[in-house]
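[1] Kindly return the folded structure for what I paste below:
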Amino acid sequence: MKKKKVWDYLWDMLFILPAFVLFFAVIWYPLIKSILYSFTNYDGMSKSFDFVGLTNYMKIFSSKYIKAGIGNTLKFAVVNCLLCNIFQLLLALVLDKKLILKRYLRVAFYVPVLLCTVVVSVVFGHIMQYNGILNTFFREAGLGKFVIDWFGNETAAFIMVCVVNIWQWLGYGAIIYLGGLQTIPENLYEAAKIDGARPFQIFRKITFPLLMPSVTILTFLNLTGGLKLFDLPYTLTAGAPNDATETVSMVIYRMAFKERKMGYASAVSVVFLLVIAVVSIVQVVATRKKEVEM
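    Residues are numbered from 1 along each chain as shown. Prediction:
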């Protein structure tokens, strides 16, 4: 009997082994190498490099580019987390109603999630250019005061990246919230209405507390997504103007592959990983405490 259990265990491990090897090769090996490189002056090309100890780590917070990248990243993360959650929840509440085209609307709002970020950047780049579709419409409609140089103004560029990111991921979060809404028993709403509760009171006392598991998930996804933001600002604005939309991930990429400072970039990425891990753990613990069991 014991031999059979051991054989079953080994047989199970045999099936898990390919996935484990792939995971180690794609995730853990690069992570370990990055940690090792962070203590060297490796340039990404040379076969020989020197051990520099904590020098790379000591230079991180003295760099104006990294400070600017940290500031932009934190702003993106906060705005992305708050506004994405709000609009995703509002959309889910609308799609949960008895609408004639409810199924088609769900599909329509989810389609942007399936689009490649590069494609989204190219499309919105043409729309938001100074002589693009949006500004041309304002000029032709006699609304010249609304014409904005989206790529030349720092605040406008930041808002543009946030709006495009929220638009792309709006449907994804709405679907998760919608799943949470559909798990709430109808008898709770009926009892609340019988007691004379108003719609806002029902939302505050019943809907939102029972949606906290979904809130925890989406707060985590939106927060970490904002902290890791790279592809959208890189392809849409390339960090311009004046590095106003350059994130920490973009700074790491530039240092590693353009300035050939792979060791320094590895140190920044290790610190950034730790920051994301700490923020994520604190957020998940804080929001899970507010979850309500049915």
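[2] Which secondary structure elements does the helix or strand harbouring residue 274 sit against?
    In the assignment (DSSP states H and E), residue 274 maps to helix 262-288. In terms of contacts (3 or more C-beta pairs under 8 Å, 6 or more residues apart in numbering; DSSP states H and E), helix 262-288 is packed against helix 29-37, helix 55-59, helix 212-227, helix 248-253. Where you see a C-beta, it was placed from the backbone N, CA and C, and this is true even at glycine.
[3] Show the backbone phi and psi for residue 98.
    Taking degrees, to the nearest 10, you get phi -80, psi 90 for the backbone angles of residue 98.
[4] Let me have the helices and strands packed on helix 262-288 in CSV, extended by mean neighbour count and distance to residue 90.
    Formatted as CSV, the helices and strands packed on helix 262-288 follow (neighbours: other C-beta atoms under 10 Å; distance: least, C-beta to C-beta, whole Å):
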stretch, mean neighbour count, distance to residue 90
helix 29-37, 14, 38
helix 55-59, 16, 43
helix 212-227, 20, 13
helix 248-253, 22, 29
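[5] Minimum distance to residue 239: which of the ones you listed has it?
    helix 248-253 (5.6 Å; C-beta to C-beta).
[6] got a list of contacts for the closest one?
    Here helix 248-253 makes contact (C-beta atoms under 8 Å, 6 or more residues apart in numbering) with 65-66, 69-70, 72-73, 227-230, 233-234, 239, 265, 268-269, 272.
[7] Which among those count as buried?
    With neighbours counted by 16 or more other C-beta atoms under 10 Å, the contacts of helix 248-253 contain buried members at 65-66, 69-70, 72-73, 227-229, 233-234, 239, 265, 268-269, 272.
[8] with those residues in mind, which one is nearest to residue 28?
    Using C-beta to C-beta, the buried ones among the contacts of helix 248-253 come closest to residue 28 at residue 269, 14.6 Å.
[9] Between the two ends of stretch 89-107, what distance do you get?
    In stretch 89-107, first residue to last residue: 16 Å (C-alpha to C-alpha, to the nearest Å).
[10] Give me the contact list for that stretch.
    Residues from elsewhere that reach stretch 89-107 (C-beta under 8 Å, 6+ apart): 109, 170-171, 173-178, 180-182, 211.
[11] at 6 Å what do you get?
    By C-beta atoms under 6 Å, 6 or more residues apart in numbering, the surrounding residues in contact with stretch 89-107 are 174, 177, 178, 181.
[12] Could I get the buried residue list for that stretch?
    Buried residues in stretch 89-107 (16+ other C-beta under 10 Å): 89, 91, 92, 93, 95, 96, 105, 106.
[13] Flag the shaky bits of the chain, pLDDT-wise.
    For the chain, applying pLDDT under 70 flags the ranges 1-4, 292-294.
[14] thinking again about what came up before, from the contacts of stretch 89-107, pick the one nearest residue 257.
    residue 174 (36.0 Å).
[15] wait, doesn't the closest one sit right on residue 86?
    No. Using C-beta atoms under 6 Å, residue 174 is not in contact with residue 86, being 11.4 Å away.
[16] Which one of those two is surrounded by more residues?
    Counted by other C-beta atoms under 10 Å, residue 174 and residue 86 do not tie: residue 174 has more neighbours, with 26 against 12.
[17] Could you measure from residue 5 over to residue 12?
    11 Å (C-beta to C-beta, to the nearest Å).
[18] Ignore what I typed, I meant residue 110.
    To residue 12, residue 110 is 36 Å away according to C-beta to C-beta.
[19] More neighbours: these two, which one.
    Ranked by neighbour count (other C-beta under 10 Å), residue 110 and residue 12 place residue 110 first, with 14 against 10.
[20] Pretty sure the more buried one sits in a helix.
    Yes. Judged by DSSP: H, G, I helix; E, B strand; the rest coil, residue 110 forms part of a helix.
[21] So it versus residue 47, what's the distance?
    48 Å.
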